[in-house]
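> Just to be clear, the model below is a prediction. Sequence and coordinates:
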Amino acid sequence: MEHLSSTDASFLYFETPETPMHVGSLMLFDLPEGYDGDYYEDVKAMLGRRLHLSSLLTRKLASMPFELADPVWIEDDDIDLDYHVRSVTLRRPGTMAQLHALVARLHSTLLDRSRPLWEMVVIEGLESGQVAFYSKAHHSGVDGKAGVELAKVLYDTTPAMRDVPPPRRRHAGTPYQLGVAELLQAATSNSLRQYRKLAELIPAAAKAIGAAGSTLVAQRTAKGARSLNLGLAPATIFNESITNQRSYTTLSVPLADLKALGTRVGGTVNTIVMAMCSSALRRFLKERHLLPKESLIAMVPVSLRAADDGSMNNQVSAIRVDLATDIPELAGRFKAIHASSEAAKAVVRELKPVLGVDMPVTGSPWFMTSLASLYGRSNLARRLPAAANVAISNVPGPPMTLYMAGAKMTHYYPVSIPYHGCALNITVQSYAGSLEFGLTACRRVLSQDESYELCGYLRDALEEIRALPSVGDASVAPAAAENAPAKARRLPAKVPARKRAPAASPRARTSKVAAAAAESRSANARRERS
């Protein structure tokens, strides 16, 4: 068995019928030229040969007796591929709008906790001739970056499918379910181990907290400047209790263009994404006379995972970023967003040794589940102050082109989780030279048509950012030189100025003229006598 961490288990406890806690992907594939097979059967056969390569696909939950502690993962030897892998055909004409609506419905249903927590759907009938593939997996077993690692296992980098070693035969007599005594013993041992780790972490925690405090002190802004310390988020239409119905739209932009644009205007790709979202949300709310005077705040997940860690679990924390929607001017808004994002990341870097540490709490499953249900159904999301208005996530994806069962993947869109009090989630993932946007929302808060409208505003916002002046524009240099102080324009001291003879005084100049006139008269008299 494998114990879930406190972070992993929290995604189970916070799940309600209105808030399914799974993440997903929507992929589009070009079938090989001349293909006349059954792609659904090919995909199912490929997955059947590779299930053992990822523990996410072969494990299921085992709850603790009376829900006194976090559950554990156990291996499932009876996986029904016909249940987990399904086929759907769109009605004619098979537009992207139809596909988005289908994905929104598929993403609104809960996963069966008696089985491994994943499902996949092959979607045919697109008017483009492509095949779509939707997958979802519970967030308790995979975060955004771990999902990318799963993609590397299931997909190929060439049209030819690679051979994989067959699964090893499990020992006979492995129990299908664990006994009560065994589960209780495992829970006790795991809790004691977690408390011991907490005790060992105290020196490192004190050091990390001190470093984070120093970072916060260093980030103090001058009097009159925009503060980097964020308060509570203002009330917006996104801070509502939600239903399980979803709206979903996608957008794709070239990644290289965004990198070059970020360098030119003095930001990062993440700053560009945040500025696009800020401008789009500001315009969307302003046109409805719903834009608050205070700035919107985004909740942004940040990965705590080491670069070489490919484990299928959650290693994530979150920061809050100022979207500066109270600043009308785009250039000023862009600078404020960049400063807020970088300041929050600096604090997280210092706190990384203590973030995500397991905190064992006896009875946490039933307590946290009851709290999540109460929060949603009592409409507290609208009444209580909010920490953030929207969730915006940027996940690095595979840079190379991927293939599945011989078909070429052209797009890899993320599908994510809205929640009570945060009804809109904008997740961005890079793939093969593109940046893929997925907007997932509660349909009651943001309808499908409104989601398309917001997606159009994201495109417009990108064009506005392109029009920003470059950092260190060369046209500024002549003006700066013209307005420079006189001292700055003098020759350097080591370059000697050319020496000049001292100027003659007026009296000296008069004497010289008189002498010259006398000499001229004397010469004339001598010529006459001769």
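Thanks, I have it. For clarity, every value in this text was computed on a predicted model and none was experimentally measured.
> for the stretch 251-400 of the chain, which spans come out with low pLDDT?
Applying pLDDT under 70 to the stretch 251-400 of the chain flags residues 305-315, 347-367.
> Repeat the analysis, applying 90 as the threshold.
301-319, 342-385, 395-398 (pLDDT under 90).
> what ranges do the helices span in it?
All helices of the stretch 251-400 of the chain, identified by DSSP state H, counting those that start in this stretch, fall at 255-265, 269-287, 330-351, 364-377, 380-383.
> Next, format those as JSON lines and append mean neighbour count.
Using the backbone N, CA and C atoms, a C-beta is placed for each residue, glycine as well. As requested, these are exported to JSON lines (neighbours: other C-beta atoms under 10 Å):
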{"stretch": "helix 255-265", "mean neighbour count": "16"}
{"stretch": "helix 269-287", "mean neighbour count": "22"}
{"stretch": "helix 330-351", "mean neighbour count": "19"}
{"stretch": "helix 364-377", "mean neighbour count": "16"}
{"stretch": "helix 380-383", "mean neighbour count": "14"}
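> got CSV for these, with distance to residue 409 too?
Shown next, in CSV, are the helices of the stretch 251-400 of the chain (distance: least, C-beta to C-beta, whole Å):
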stretch, distance to residue 409
helix 255-265, 15
helix 269-287, 21
helix 330-351, 30
helix 364-377, 35
helix 380-383, 37
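> For residue 153, which of these is the nearest?
Residue 153 lies closest to helix 255-265 among the helices of the stretch 251-400 of the chain, at 23.3 Å (C-beta to C-beta).
> Can you give me every residue that contacts the closest residue in space to residue 400 that isn't next to it in sequence?
Leaving aside its sequence neighbours, residue 400 sits nearest to residue 157 (C-beta to C-beta, 6 or more residues apart in numbering; 5.6 Å). Counting by C-beta atoms under 8 Å, 6 or more residues apart in numbering, residue 157 touches 400-403.
> Provide the partner residues of the nearest residue to residue 255 once chain neighbours are set aside in its beta bridges.
Leaving aside its sequence neighbours, residue 255 sits nearest to residue 435 (C-beta to C-beta, 6+ apart; 4.8 Å). With DSSP bridges applied, residue 435 shows beta-bridge pairing to residue 253, residue 430.
> quick one on the thing from earlier: most neighbours, which of the contacts of residue 157?
residue 402 (22 neighbours; other C-beta atoms under 10 Å).
> I'd assumed residue 296 was in contact with residue 236.
Yes: applying C-beta atoms under 8 Å as the test, residue 236 and residue 296 come out as touching, 6.8 Å apart.
> Quick check: neighbours shared by those two?
residue 389.
> In the stretch 401-530 of the chain, what residue spans correspond to helices?
Taking DSSP H, counting those that start in this stretch as the criterion, the stretch 401-530 of the chain carries its helices at 448-466, 476-482, 486-489, 506-529.
> So for the first one, what gets flagged as buried?
Buried positions in helix 448-466, judged by neighbour count with 16 or more other C-beta atoms under 10 Å: 448, 450-451, 453-455, 457-458, 461-462, 465.
> Turn these into CSV, columns for pLDDT and distance to residue 135.
Shown next, in CSV, are the buried residues of helix 448-466 (pLDDT from 0 to 100; distance: C-beta to C-beta, whole Å):
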residue, pLDDT, distance to residue 135
448, 97, 21
450, 98, 26
451, 98, 21
453, 98, 28
454, 98, 25
455, 97, 22
457, 98, 28
458, 98, 24
461, 97, 29
462, 97, 28
465, 97, 32
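> ok, those residues vs residue 339, which is closest?
Closest to residue 339, out of all of the buried residues of helix 448-466 and judged by C-beta to C-beta, is residue 465, at 16.3 Å.
> how much space between the closest one and residue 389?
Separation of residue 465 from residue 389 (C-beta to C-beta, to the nearest Å): 21 Å.
> what's the answer for residue 261, then?
Distance, residue 261 to residue 389, by C-beta to C-beta: 25 Å.
> beta partners for residue 298?
residue 321, residue 390.
> What is the burial count for it?
26.
> contacting residues around the nearest residue to residue 44 once chain neighbours are set aside?
Spatial nearest neighbour of residue 44, chain neighbours left out: residue 85 (4.7 Å); criterion: C-beta to C-beta, 6+ apart. With contact taken as C-beta under 8 Å, 6+ apart, residue 85 is in contact with 40, 43-44, 47, 119-122.
> let's see 7 Å
43-44, 47, 120 (C-beta atoms under 7 Å, 6 or more residues apart in numbering).
> which of those has the most neighbours?
residue 43 (23 neighbours).
> what pLDDT does that one get?
pLDDT recorded at residue 43 is 96.
> Check the one 3 residues further on too.
We note a pLDDT of 94 for residue 46 in this prediction.
> Spatially nearest residue to it (excluding sequence neighbours)?
According to C-beta to C-beta, 6+ apart, the nearest residue to residue 46 is residue 405 (4.9 Å).
> my guess is the one you found meets residue 42, correct?
Yes: checked against C-beta atoms under 7 Å, the pair residue 405 and residue 42 is within contact range at 4.3 Å.
> quick one, which of these two is more surrounded?
Neighbours per residue, other C-beta under 10 Å: of residue 405 and residue 42, the larger number sits with residue 405, 25 against 17.
> what's that one in contact with, if anything?
By C-beta under 7 Å, 6+ apart, the neighbours of residue 405 are 39, 42-43, 46, 161.
> Closest to residue 321 out of those?
For the contacts of residue 405, the nearest to residue 321 is residue 43 (38.4 Å; C-beta to C-beta).
> Excluding residues flanking it in the chain, which one is nearest that closest one?
Per C-beta to C-beta, 6+ apart, closest to residue 43 is residue 405, 5.0 Å.
> Kindly report the same for residue 70.
With C-beta to C-beta, 6+ apart as the criterion, residue 70 has its nearest non-adjacent residue at 4.2 Å, and that residue is residue 9.
> Which elements pack onto whatever helix or strand that neighbour lives in?
Counting by DSSP states H and E, the element that carries residue 9 is helix 6-13. Applying 3 or more C-beta pairs under 7 Å, 6 or more residues apart in numbering; DSSP states H and E, one finds that helix 6-13 contacts helix 364-377.
> Give me the contacts around stretch 47-56.
The contact list for stretch 47-56, computed with C-beta under 7 Å, 6+ apart, reads 57-58, 79, 81, 85, 118, 137, 141-142, 150, 153-154, 164, 167, 312.
> Run the angle between the helix holding residue 9 and helix 364-377 for me.
Relative orientation of helix 6-13 and helix 364-377, computed by axes from the mean of the first three to the mean of the last three C-alpha atoms, to 10 degrees: 50 degrees.
> any low-confidence regions in the stretch 51-200 of the chain?
Ranges of the stretch 51-200 of the chain meeting pLDDT under 90: 51-56, 62-74, 77-78, 141-154, 162-200.
> ok, the residue sitting nearest the centre point of the chain - contacts?
Among the residues of the chain, the one closest to the centroid is residue 394, at 1.6 Å (C-alpha atoms, centre = their mean). Taking C-beta under 7 Å, 6+ apart as the criterion, residue 394 is in contact with 270, 273, 428.
> 8 Å instead, please
So residue 394 contacts 269-270, 273, 300, 427-429 (C-beta under 8 Å, 6+ apart).
> Tell me the bridge partners for it.
residue 428.
> Residue 281 versus that one, what's the distance?
Counting by C-beta to C-beta - residue 394 and residue 281 are separated by 16 Å.
> So residue 105 sits against residue 247, correct?
No: in this structure residue 105 lies outside contact range of residue 247 using C-beta under 8 Å: 10.4 Å.
> neighbour-wise, which of these two wins?
residue 247 (25 against 12).
> name the element the more buried one belongs to?
Using DSSP H and E, the element containing residue 247 is strand 246-254.
> mind checking how far the nearest residue to residue 150 once chain neighbours are set aside is from residue 69?
Spatial nearest neighbour of residue 150, chain neighbours left out: residue 54 (5.4 Å); criterion: C-beta to C-beta, 6+ apart. Applying C-beta to C-beta, the value for residue 54 to residue 69 is 26 Å.
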